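Undergrad: show me how the following folds:
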Amino acid sequence: MQGNPHRAEVRLLGTAAAPGVARATAYLLQQGRTLVVRRRVDDPERELARLEVALAATRAEIAQLRADVARKLNESEAAIFDAHLLVLEDVALIDEVTKEVRRSGYNIEHCFETVAQRYIDIFAKMEDDFLRERAADIRDVTGRVLDQLLGAAPAEVGPVAGRQVVVALDLTPTETAGLHEAGVAAFVTEEGGRTSHSAIMARSLDIPAVVGVKGLMAAVGAGDTLLVDGEAGLVIVNPSAETLATYLDKEQALRTRRDRVMGEIALPDTTADGAAFGLLANIGGPEEMEDALRCHARGVGLYRTENLYLRLDAWPTEAEQFAEYAEAVRLAQGRPVTFRTLDIGGDKRLGDLSDEANPFMGYRAVRMCLERPEIFRPQLRAIVRAATFGPVHVMFPMISGIEELRKAKEIFRQVEAELAQEGIRSAAPIRLGAMIEIPSAALVAAELARECDFFSVGTNDLVQYLLAVDRGNRRVATLYDPCHPAVVRTLAGIFRAAAAAGIPAAVCGELGGDPLWAPLLLGLGAHELSMTPAALPEVRFLLRHARRDEMRALAEQALASASAAATRGLLQGFATAQQKSR
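TA: Residues are numbered from 1 along each chain as shown. Predicted structure coming up:
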């Protein structure tokens with residue numbers, strides 16, 4: 001299939017969201033909802049009664065969709081819609097809408113849309129990729145409620161004429177759920193990121209996807225042919241005959257490689273020369289454990305406990321936390337689960353946390369927990385109680401020095417002793433670790449290593465703080481470069497400190513799941529890498545076919561590198577050489 005002969009080939013770069021290559025004609029998904037008109041109403045209570053009816057109908061609609069996804073895919077993907085149901089139960093959201101209707105005297109559609117947009121804007125501006133992508137979930141759910149209020153049909157994908165590439169500004173989880181049944185070849189969006197629920201579902205549906213393609217909607221027209229490269233994050237509009245010929249070979253190579261990668265998914269985590277390493281999963285709730293086990297994670301390297309707080313939009317009780325943590329430990333089936341204690345603040349706002357001029361360097365994570373034992377102690381109690389069901393590790397985020405680590409450990413030991421007096425003891429000793437994500441912690445890593453059982457490096461914040469770059473600020477985001485020599489040398493120092501103290505060091509930030517970076521991290525001295533479950537098969541395959549001495553040689557070269565560009569060239573050269581050797 002060749003492209004539109006009247007239009008020249010155009011190449012657009014985005015974010016690789018789901019692997020694979022597909023080529024087909026474009027299907028332009030027309031998105032948008034009925035215009036909401038503002039009008040005065042005589043009876044605000046009648047408007048609120050209409051909202052209750054719409055909320056009930058939306059609950060039923062989402063519950064049915066959840067059941068359909070569970071049947072067609074699996075429980076893990078279906079659990080995405082549990083978060084949607086929680087949006088409908090959000091007391092703060094409904095209270096704000098209620099106040100808006102009574103205060104303004106306007107119709108419920110206008111008031112609901114106004115308040116919902118405030119929530120969407122808050123999440124859309126968050127620095128954390130995972131949380132920022134939740135804006136699409138809120139937009140999806142609140143849009144369904146508006147459809148009910150307006151009497152409009154919910155958005156759907158279709159009808160798709162045969163295998164086509166869906167092109168959209170963005171896709172909601174609801175729309176994505178219908179892609180497989182609609183028979184699409186791939187999808188591309190102008191907005192969104194790799195951690196969006198639509199991207200996660202695309203990987204489960206085995207549909208190639210590229211997201212965050214700037215200028216996509218302006219570049220693609222009716223009748224265009226698209227070639228989607230979900231490996232490279234590339235969308236080619238109206239590919240030439242030469243391009244198509246090249247991609248025929250690439251498609252076959254990708255299929256062959258994918259078969260090999262999945263064929264080794266359950267093999268041991270050992271390099272080609274027999275050196276052991278560990279691959280773990282980053283998860284945010286028990287519902288993600290199924291994906292982790294399916295990809296043969298050796299355990300959970302990062303459990304984001306704050307997700308429960310944010311889903312509830314409240315401070316959860318000890319009982320609520322215990323129920324979730326215990327379920328995760330049970331589902332892990334004897335594999336260790338590493339709980340990161342509450343990391344909230346910064347862009348993750350909750351309750352009475354006030355706005356700050358510089359929240360990423362302010363009142364957050366362990367700093368807040370040490371000052372607020374009424375929040376910290378119930379969480380620690382819940383974790384220790386969950387540890388009666390299997391091995392558990394605990395790590396404290398945003399540790400800046402030895403004093404904070406000692407205080408956090410002291411409170412933990414007090415809680416552990418209290419529970420022991422109540423007859424509650426963990427199934428195995430709970431290992432305590434420090435997250436190294438602040439430059440000051442990296443500089444005193446030797447002292448910290450002597451007082452904890454393991455390190456876990458949070459590369460996202462470490463890079464941001466080392467380079468003084470706010471990743472959320474587009475004007476300086478290009479300066480956020482993990483290949484900077486300062487980052488490589490800092491990582492090496494952290495791993496050396498861990499080795500000298502005889503403790504393991506893990507990486508749980510984005511670099512841990514990056515195939516280009518994985519060999520360098522092991523070469524620098526990391527013992528474990530923790531990543532999103534979908535990244536596990538590729539990283540395992542790559543490391544199993546590399547030699548430890550080769551990775552150490554790569555590390556020595558990177559440490560001697562004087563520029564980020566030179567380091568990047570080393571990583572790409574290593575990856576190319578490894579592919580040729582296999």
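Undergrad: and the pLDDT for the nearest residue to E437 once chain neighbours are set aside?
TA: Closest residue in space to E437, ignoring its immediate chain neighbours: G458 at 3.5 Å, by CB to CB, 6 or more residues apart in numbering. Backbone N, C-alpha and C define where each C-beta goes, glycine included. Looking at G458, its pLDDT reads 94.
Undergrad: surely G458 touches P397?
TA: Yes: counting by CB atoms under 8 Å, P397 is a contact partner of G458 at 7.0 Å.
Undergrad: name the residues of the helix of greatest length in the chain that are buried.
TA: Counting by DSSP state H, the longest helix found in the chain is helix 44-72. Of all the residues in helix 44-72, those buried under the rule 16 or more other CB atoms under 10 Å are 44, 47-48, 50-51, 54-55, 58-59, 61-62, 65-66, 69.
Undergrad: which residues do G458 and P397 both contact?
TA: M435, E437 (CB atoms under 8 Å, 6 or more residues apart in numbering).
Undergrad: thinking again about what came up before, gap between the longest helix of the chain and the chain center?
TA: 27 Å (CA atoms, centre = their mean, to the nearest Å).
Undergrad: which secondary structure elements does it sit against?
TA: Packed against helix 44-72 by the contact rule (3 or more CB pairs under 8 Å, 6 or more residues apart in numbering; DSSP states H and E) you find helix 75-78, helix 80-88, helix 91-104, helix 108-124, helix 134-150, helix 173-177.
Undergrad: could you find the closest non-adjacent residue to A562?
TA: For A562, the spatially nearest residue (CB to CB, 6+ apart) is P485, at 6.4 Å.
Undergrad: my guess is that neighbour contacts A565. True?
TA: No: look at P485 against A565 with CB under 8 Å: they stay out of range, at 10.6 Å.
Undergrad: quick one on the thing from earlier: and for the residue nearest to A562, the neighbour number?
TA: 16 (other CB atoms under 10 Å).
Undergrad: contacts only, for it.
TA: Counting by CB under 8 Å, 6+ apart, P485 has contacts S561, A562, S563, A564, T567.
Undergrad: buried subset of the residues you listed?
TA: Buried among the contacts of P485 (16+ other CB under 10 Å): S561, A564, T567.
Undergrad: quick one: contacts for the first one?
TA: By CB under 8 Å, 6+ apart, the contact set of S561 is P485, V488, T567, L570.
Undergrad: tell me the pLDDT of it.
TA: The predicted local confidence for S561 is 95.
Undergrad: cool, and the last one?
TA: You'll see T567 listed with a pLDDT of 95.
Undergrad: which strand or helix spans it?
TA: helix 564-581 (DSSP states H and E).
Undergrad: got any ranges where the stretch 451-582 of the chain has weak pLDDT?
TA: Low-confidence segments of the stretch 451-582 of the chain, defined by pLDDT under 70, span residues 471-475, 477, 582.
Undergrad: where along it do the helices fall?
TA: 459-467, 485-501, 518-524, 536-544, 548-560, 564-581 (DSSP state H, counting those that start in this stretch).
Undergrad: the longest one vs helix 536-544, what angle?
TA: Think helix 564-581. Following axes from the mean of the first three to the mean of the last three CA atoms, to 10 degrees, one obtains 80 degrees for the angle between helix 564-581 and helix 536-544.
Undergrad: tilt between helix 564-581 and helix 485-501?
TA: Using the same axes, to 10 degrees: helix 564-581 against helix 485-501 is 70 degrees.
Undergrad: which secondary structure elements does helix 564-581 contact?
TA: Looks like helix 564-581 contacts helix 485-501, helix 518-524, helix 548-560 (3+ CB pairs under 8 Å, 6+ apart).
Undergrad: how far does it sit from its chain's centre?
TA: 26 Å.
Undergrad: show me which residues of it are buried.
TA: Those would be A564, T567, R568, L570, L571, F574, A575, Q578, for helix 564-581 by 16+ other CB under 10 Å.
Undergrad: follow-up on the earlier one: could you give me the average pLDDT of the longest helix of the chain?
TA: The model assigns helix 44-72 a mean pLDDT of 85.
Undergrad: and what of stretch 317-335?
TA: Per-residue scores along stretch 317-335 average to 96.
Undergrad: pLDDT weak spots in the stretch 301-450 of the chain?
TA: For the stretch 301-450 of the chain, the ranges with pLDDT under 70 are 345-361.
Undergrad: need the three-state assignment for T25.
TA: Under DSSP: H, G, I helix; E, B strand; the rest coil, the three-state class of T25 is strand.
Undergrad: could you count how many residues lie near it?
TA: The number of residues near T25, taken as other CB under 10 Å, comes to 18.
Undergrad: please apply the same query to E422.
TA: Neighbours of E422 (other CB under 10 Å): 9.
Undergrad: any stretches of the stretch 101-250 of the chain with poor pLDDT?
TA: 125-133, 152-162, 173-174, 177-178, 180-182, 195-197, 204.
Undergrad: please identify which helix or strand holds E242.
TA: Assigned by DSSP H and E, E242 falls in helix 241-263.
Undergrad: what does E290 give?
TA: Using DSSP H and E, E290 falls in helix 289-294.
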